[in-house]
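Engineer: Turn this into a model:
(one chain, ligands or ions: 1)
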Amino acid sequence: MVKIGILGVGTVGASVANILEANADIIEARAGKKIVVKSGVVKNLSKDRGVSIKLSDNPLDVVNDPEIDIVVELMGGVDEPYALVKQALENGKAVVTANKALLAYHRYELQEIAGNLPLMYEASTAGGIPIIGALRTGLSANHIDSIQGIMNGTCNYMLTKMINEGAQYDEILKEAQELGYAEADPTFDVGGFDASHKLLILASIAYGIDAKPEDILIEGIENITSTDVDFAKEFGYEIKSLGIAKKVGNGVELRVHATMIPSESMIAKVDGVMNAVTVIGDRVGETMYYGPGAGGDATASAVISDIVDIVRGNQGPMLGYKKGLESGLKLLPKEEIVTQYYLRLEVDDQSGVLATITSSLGEFGISIETMLQKPTEDEKIAKLLFTTHRCKESEMQEAITALGKLDVVRGEIAMMRIEK
Ligand code: HSE
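Structural biologist: Below you'll find the model as predicted:
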């Protein structure tokens, strides 16, 4: 019999305990051994968790319990779970974690500490979708050309409602919180940080890249307006918040941002709280993984798949590469990213202004693909909307700074990247 201890019996922890009990027969048949939860840890013992397992408010009751074989960490946060996971590994226990923030900052240290002990994390990225297993095992024959995905259900839920129903940003964020999709601090969702944690985990498995959130380009969905939504519709795009990892020569672009993508692409059709990840391997070609990225049972399904894997004895390097044999690919600096851009700016509605703007863009080598002018409520001011041909991020940033200094340009200039 294998005994489990759960650190954090919230929505996901309770689902793990309940599924292990309800589906015990099939899980035992698949794992080859009986799996039982011995105990769990919560902060507040007076709250009913809807589980029949023994609960404590001291994490060390699980981490230092000699009878517990596998510690499941579902606490959230970074520092406390890091100390507890480290302790559990030092006590010789296998660990399963769903904690993407912990892994975004400490995955390489934890890999070292784990050594030959299993430390698994399927539930950390895209909830119930088995994307870690797909990359770590299913696609291990391939060089990975790119990963592109909707990795945050809250953003996708909000964007879907804003685009399809014209819902207001604040109202829809509140709804996502009430439905339990959003993080405790929803800035992590709408600011792109949650997706960046997941992207960094995938980038380690695909490319062996040891980067932290601070090292990569992360933008949220806070500045998208109905003008951008209307433009996207008119020009055949959907707006999605994407995590993107792309091999370019000997480098890898890593970025999270709101993105215009062609409405006919498969990922553009992924709506609501669902997640989807497309991986292109050099031999397999394009593969796509779709499913619920959040929610108790969906995330618990991924946690239990790790437990079953551990009990079966499946192992291998935690992050997919044997130490010293990583791909050798390096993270490309943000400035080196090359893509197409969408620009929105308000300008004085007078003759010669368009020429001033286009020649200013031209000075930075930026060529315009499409252009649309819209009137505003103020008849002296017009909105200009552009898409550009591919250019470097550094050129675009310099151009935006230069445009912002022109007398004819009013207010902030908004920019979104386009992926085709
Ligand atoms: N807040 C996350 C999301 C939950 O909205 O996708 C899963 O990580």
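
Engineer: Thr376 contacts Glu346, correct?
Structural biologist: Yes - using Cβ atoms under 8 Å, Thr376 is in contact with Glu346, at 6.7 Å. (C-beta placed from N, C-alpha, C; glycine too.)

Engineer: What separation do you get for the residue in the chain sticking out farthest from the centre and the ligand?
Structural biologist: Within the chain, Ser351 marks the point farthest from the mean C-alpha position, 44.8 Å out by Cα atoms, centre = their mean. The spacing between Ser351 and the ligand, counted by Cβ to the nearest ligand atom, to the nearest Å, is 48 Å.

Engineer: Return the residues of the stretch 251-400 of the chain in contact with the ligand.
Structural biologist: Gly293, Ala294 (Cβ under 6 Å from any ligand atom).

Engineer: Which stretches in the stretch 251-400 of the chain count as strands?
Structural biologist: 251-262, 274-281, 285-292, 330-331, 338-348, 368-375, 381-388, 391-392 (DSSP state E, counting those that start in this stretch).

Engineer: What residues sit buried inside stretch 55-64?
Structural biologist: Residues of stretch 55-64 classed as buried under the neighbour-count rule (16 or more other Cβ atoms under 10 Å) are Leu55, Pro59, Asp61, Val62, Val63.

Engineer: related to what we said a few turns ago, what's the overlap in contacts for Thr376 and Glu346?
Structural biologist: Ala382, Lys383 (Cβ atoms under 8 Å, 6 or more residues apart in numbering).

Engineer: who's more crowded, the two?
Structural biologist: For Thr376 and Glu346, the more surrounded residue by other Cβ atoms under 10 Å is Glu346, and the numbers stand at 20 against 13.

Engineer: can I assume that one is in contact with Glu377?
Structural biologist: No - assessed by Cβ under 8 Å, Glu346 is found out of contact with Glu377, at 11.1 Å.

Engineer: Closest one of the buried residues of stretch 55-64 to Gly365?
Structural biologist: If you rank those by distance to Gly365 using Cβ to Cβ, Pro59 comes first, at 55.7 Å.

Engineer: Give the phi and psi angles for that closest one, as a check.
Structural biologist: Phi and psi for Pro59, reported as degrees, to the nearest 10, are phi -60, psi -30.

Engineer: Pull the contacting residues for it.
Structural biologist: Pro59 sits in contact with Leu7, Val41, Met75, Glu80, Leu84, where contact means Cβ under 8 Å, 6+ apart.

Engineer: Quick one, which of those residues are buried?
Structural biologist: Leu7, Val41, Met75, Leu84.

Engineer: Tell me which helix or strand the last one sits in.
Structural biologist: Using DSSP states H and E, Leu84 maps to helix 79-90.

Engineer: and that helix, which residues are buried?
Structural biologist: Pro81, Tyr82, Leu84, Val85, Lys86, Gln87, Ala88, Leu89.

Engineer: Tell me the spacing between Pro59 and Asp69.
Structural biologist: Distance from Pro59 to Asp69, counting by Cβ to Cβ, to the nearest Å: 17 Å.

Engineer: Leu84 too?
Structural biologist: 16 Å.

Engineer: what's the spacing between stretch 221-233 and its chain's center?
Structural biologist: 21 Å (Cα atoms, centre = their mean, to the nearest Å).

Engineer: now check the helix or strand where Asp170 lies, is it near the ligand?
Structural biologist: Asp170 is part of helix 169-178, with elements assigned from DSSP H and E. No - Helix 169-178 lies out of reach of the ligand by Cβ under 6 Å from any ligand atom, never closer than 7.3 Å.

Engineer: Residues contacting that helix, please?
Structural biologist: So helix 169-178 is in contact with Thr154, Tyr157, Met158, Lys161, Met162, Ala182, Pro186, Asp189, Val190, Glu222, Ile224, Val273, going by Cβ under 8 Å, 6+ apart.

Engineer: of all these, which comes closest to Gly362?
Structural biologist: Nearest member of the contacts of helix 169-178 to Gly362, counting by Cβ to Cβ, is Ile224, at 27.2 Å.

Engineer: quick one: secondary structure of that closest one?
Structural biologist: coil (DSSP: H, G, I helix; E, B strand; the rest coil).

Engineer: And the residue farthest from the centre of the chain, its phi and psi?
Structural biologist: phi -60, psi 140.

Engineer: Quick one: name the residues of the stretch 51-200 of the chain near the ligand.
Structural biologist: Gly127, Asn152, Gly153, Thr154, Tyr181, Ala182, Glu183, Asp189, Asp194.

Engineer: quick one: least confident of the contacts of helix 169-178?
Structural biologist: For the contacts of helix 169-178, the minimum pLDDT belongs to Ala182; the value there is 87.

Engineer: Could you measure from that residue over to Ile304?
Structural biologist: 24 Å.

Engineer: And Gly92, by the same measure?
Structural biologist: 22 Å.

Engineer: quick one: stretch 211-219 to chain centroid distance?
Structural biologist: 12 Å.

Engineer: Quick check: buried residues in that stretch?
Structural biologist: In stretch 211-219, counting by 16+ other Cβ under 10 Å, buried: Ala211, Pro213, Ile216, Leu217, Ile218, Glu219.

Engineer: What of stretch 128-142?
Structural biologist: Here stretch 128-142 shows Gly128, Ile129, Pro130, Ile131, Ile132, Gly133, Ala134, Leu135, Arg136, Gly138, Leu139, Asn142 as buried, counting by 16+ other Cβ under 10 Å.

Engineer: Cheers, nothing more for now.
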